[in-house]
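[1] here's a sequence, model it:
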Amino acid sequence: MRRREFLKTAGLGLSAYALLPGFRVSRADIPSRKGRSIQGRKLNIACVGIGGRGKQDVDGVKRENIVALCDVHMTEVLQTVAASHPGAKVHRDYRKMLREMDEQIDAVVVSTPDHMHFPVAMLAMQMGKHVYVEKPIAHTVAEARQMTELARAQQVVTQCGNQGRANEGSRLLVEWVRAGAIGGVREVHCWTNRPIWPQGLDRPTMVEAVPDTLDWNGWLGVAPERPYNACYLPFKWRGWWDFGCGALGDMGCHIMNAPFWALDLKYPTSVEAVSSPVNRETAPKWSIVTYQFPARGAMPPVKLVWYDGGKMPPRPKELDAEQRLGGNGCYLIGDQGCILSPAIYCESVRLVPETAMQAFLPQRPAKTIPRIPGSNQWQEWIKACKGEGPPPGSNFDYSGPLSETVLMGNLALKTGKKVEWDGPNMRCTNLPEANELVRKKYREY
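    Numbering: from 1, shown residues only. All right, here's what the predicted structure looks like:
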């Protein structure tokens, strides 16, 4: 079924443009109906995108009632997951699934490639469904902003899949920074060993036969049409601009999360990047992206630098000689010291050098941020959906601006120039060509 036909027959009480990506949703088009009460029972969940990260997300919510599984690729992974949830209906098209199972679905987990996060999550939220969306929540800055605004208007419960937000280590880092353990923080460095997939490639010229198990048109979704080639999937889509967001998009919401939270960051005022050659098809093999954030109340301005593709930050002068930075992590430099987290999800956090950590231990601040049992981000979301807990820590009011910040790095990479940014108005003030990349065009399929 084509999108236009679906919009005419879905019976959602919405005008067609409200469901088409790229258009701002009008309040007049937002349905007023509320979902059924889900207190005291299991949540009815539909999962969209089952391969790769999607399988882990299904496992994360498996104690609830999985009513639907949706994927355009009928792989052995999907068959295995479906066998574990025999009551779930298997679909290939999320639009058809939502239309046919509207009354049976309370919430939707979105684990598709990045380019499909927005269309799936927006339709689900417009239908009044709670959503859990893998990081980054969107493919463009404008998409992240629209998703944040719609979630707020619809009053649905949202969560971004950046698991470190629920960790003990992230909470410790936030508490220590805000207690003044290292004084005012003016500099942050974040790095990753990604990409671990090919980048810096041109589009292949060879056209390959589409596997019988794959709906290639459905996999492309709103992305521009192109012939099938095995270089795109599985997993390798992350490096292609039409489908993914590169190493920065893959890991930024994880590794930037703790400093973003601790320092109460929101919109940067500028972003600039250096990298290996950038082409129209894929992200570069390596990049270094520098964000500048303004002062926030009593907090001073902050420079945050991102490194990927084998590039690493300078070793902090406070670091003990035998201590390594590791393949993924971040450190924060304050006026009175340094905090290091050498891990993707901020699982561990230390003041450096170790002598500073030992001196700090007896005077550590009290734990003031509520802890998430088992650091389980999926259960945090589920409890909130049932009205049994507060809004999740990575709800879109938080993870929307975080995703926007991450995705802004790609604006700097694609233009090759410094991007000066007006965050509240979502506008580049010095480069018209950057504003053209804030949004994108969508294929009707």
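
[2] hey, let's count contacts and neighbours off CA atoms from now on
    Noted.

[3] and the next element down the chain from the top helix by length along the chain?
    Taking DSSP state H as the assignment, the helix of the chain that covers the most residues is helix 396-415. Moving toward the C-terminus from helix 396-415, the next helix or strand (DSSP states H and E) is strand 419-422.

[4] for that following strand, name the packing helices and strands.
    Applying 3 or more CA pairs under 8 Å, 6 or more residues apart in numbering; DSSP states H and E, one finds that strand 419-422 contacts strand 270-275, strand 427-428.

[5] in a markdown table: those, plus mean pLDDT, mean neighbour count and distance to residue 335.
    Listed next are these as a markdown table, based on pLDDT from 0 to 100; neighbours: other CA atoms under 10 Å; distance: least, CA to CA, whole Å:
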| stretch | mean pLDDT | mean neighbour count | distance to residue 335 |
| --- | --- | --- | --- |
| strand 270-275 | 98 | 21 | 23 |
| strand 427-428 | 97 | 20 | 31 |
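
[6] same list (those strands) but as TSV, adding distance to residue 412.
    Below are these laid out as TSV (distance: least, CA to CA, whole Å):
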stretch	distance to residue 412
strand 270-275	5
strand 427-428	11
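
[7] tell me which of the ones you listed sits nearest to residue 440.
    Closest of the helices and strands packed on strand 419-422 to residue 440 is strand 427-428, at 14.4 Å (criterion: CA to CA).

[8] for the protein, which spans come out with low pLDDT?
    Across the chain, the ranges flagged by pLDDT under 70 are 1-36.

[9] rerun at 50
    Along the chain, the model assigns pLDDT under 50 to residues 1-33.

[10] can I see the domain layout of it?
    Per automatic domain parsing, the domain ranges recorded for the chain read 3-161+379-392, 165-198+245-376+406-428.

[11] can you give me the buried ones in stretch 191-201?
    Within stretch 191-201, the residues scored as buried using 16 or more other CA atoms under 10 Å are 191-195, 198-201.

[12] quick one: residue 338 and residue 153, what's the gap?
    40 Å (CA to CA, to the nearest Å).

[13] do the same with residue 395
    13 Å.

[14] between these two, which one's more packed in?
    Between residue 395 and residue 153, counted using other CA atoms under 10 Å, residue 395 has the larger neighbour count: 22 against 14.

[15] that one reaches residue 160, doesn't it?
    Yes. Between residue 395 and residue 160 there is a contact under CA atoms under 8 Å: 6.3 Å.

[16] one step back: could you dump the longest helix of the chain to CSV, C-alpha only?
    Presented in CSV, the C-alpha positions along helix 396-415 are these (Å, rounded to 0.1, in the frame of the first residue of the first chain):
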residue,chain,number,x,y,z
PHE,A,396,12.6,13.3,24.1
ASP,A,397,12.7,16.6,26.1
TYR,A,398,16.2,15.5,26.9
SER,A,399,17.3,13.2,24.1
GLY,A,400,15.8,15.4,21.4
PRO,A,401,18.3,18.3,22.0
LEU,A,402,21.0,15.7,22.6
SER,A,403,20.3,14.1,19.2
GLU,A,404,20.1,17.5,17.6
THR,A,405,23.6,18.3,18.9
VAL,A,406,25.0,15.1,17.7
LEU,A,407,23.4,15.5,14.2
MET,A,408,24.7,19.1,14.0
GLY,A,409,28.2,17.6,13.8
ASN,A,410,27.3,16.1,10.5
LEU,A,411,26.2,19.6,9.2
ALA,A,412,29.8,20.7,9.9
LEU,A,413,31.2,17.6,8.2
LYS,A,414,29.1,17.9,5.1
THR,A,415,29.7,21.6,4.6
